[in-house]
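Visitor: fold the following for me, if possible:
(2 chains)
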Amino acid sequence: NAGVTQTPKFQVLKTGQSMTLQCAQDMNHEYMSWYRQDPGMGLRLIHYSVGAGITDQGEVPNGYNVSRSTTEDFPLRLLSAAPSQTSVYFCASGSPGTSSLVAETQYFGPGTRLLVL
Amino acid sequence: AQSVTQPDIHITVSEGASLELRCNYSYGATPYLFWYVQSPGQGLQLLLKYFSGDTLVQGIKGFEAEFKRSQSSFNLRKPSVHWSDAAEYFCAVGGTTSGTYKYIFGTGTRLKVLA
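Guide: Have a look, this model is predicted:
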């Protein structure tokens, strides 16, 4: 049981380049999400998905695309990288519980550190 | 507007001392509250969560938190800190607004433990 895995661990891009951050989970969680973490700003939600074929925007979606074709995978795409997208990106998946929340407990991957020059 | 405030950016305590990390939230409906811990270079791990019922919740690693509705607070406590507790701690609130699921994190408190 690997949990939530992210690749790559570190990436350097030039402005304007595109890339996809990969995220996979083996816990059969319906809920998956992407956050970015910047110094002094905590974690901010980029996009999330409540199941295959269903995605929605979070707090900071501009410049990022997502899709969810399977339960296991939730890739994050940067179509044209900008220096403002330099950050640490975390993927998380979650399971429902007794509350109305779609994910009472979120399990985080180890993160991808992205540098855009 | 929904928000989470962690007023202390850095906290330093001596090993064996007690710890309290502050968290205040602003949320229109009944909040679902969380504390996560992040060790250097790692992802976040859930320490504890509060949804309803007893306002004092116990978590992993000896941590507890108390929900105080009147003060809109959810402070994290530990009676005796260990050197391994040095990490960054995030308070978060979750819920749904107009059918959209939201998880809002605070900016974090970095804990340093002195030997």
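Visitor: up against chain A, what does chain B have?
Guide: Residues of chain B found near chain A (C-beta under 8 Å from any C-beta of the partner chain) are B:4, B:9, B:32, B:36, B:41-46, B:49, B:51-52, B:90, B:92, B:94-96, B:100-108. Any C-beta I mention is one placed from the backbone N, CA and C, and that applies to glycine too.
Visitor: stretch A:65-79 spans what distance, first to last residue?
Guide: One end of stretch A:65-79 sits 8 Å from the other (C-alpha to C-alpha, to the nearest Å).
Visitor: also stretch A:82-91?
Guide: Terminal residues of stretch A:82-91 are spaced 20 Å apart (C-alpha to C-alpha).
Visitor: how far off centre is stretch B:83-99?
Guide: 6 Å (C-alpha atoms, centre = their mean, to the nearest Å).
Visitor: need the buried ones from the residues of chain B next to chain A selected in PyMOL.
Guide: Buried residues among these (16 or more other C-beta atoms under 10 Å in any protein chain shown), as a PyMOL selection:
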select buried, chain B and resi 4+32+36+43+44+46+49+51+90+92+94+95+101+102+103+104+105+106+107+108
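Visitor: grab the nearest non-local neighbour of whichever residue of chain B sits closest to chain A.
Guide: Distance from chain A to each residue of chain B (C-beta to the nearest C-beta) is smallest for residue B:43, at 3.4 Å. Nearest residue to residue B:43, sequence neighbours excluded (C-beta to C-beta, 6 or more residues apart in numbering or on different chains): residue A:108, at 3.4 Å.
Visitor: how many other residues sit next to that neighbour?
Guide: Look at residue A:108: counted by other C-beta atoms under 10 Å in any protein chain shown, it has 23 neighbours.
Visitor: wait, it touches residue A:88, no?
Guide: No - Residue A:108 lies out of contact with residue A:88 (C-beta atoms under 8 Å); the separation is 11.2 Å.
Visitor: so which of the residues of chain B next to chain A are in helices?
Guide: When these are checked against helices (DSSP state H), there are no matches.
Visitor: isn't residue A:11 right up against residue A:17?
Guide: No - the criterion here is C-beta under 8 Å, and residue A:11 misses it with residue A:17 at 9.8 Å.
Visitor: tell me the contacts of residue A:26?
Guide: Listed by C-beta atoms under 8 Å, 6 or more residues apart in numbering or on different chains, the contact set of residue A:26 reads A:1, A:2, A:3, A:72.
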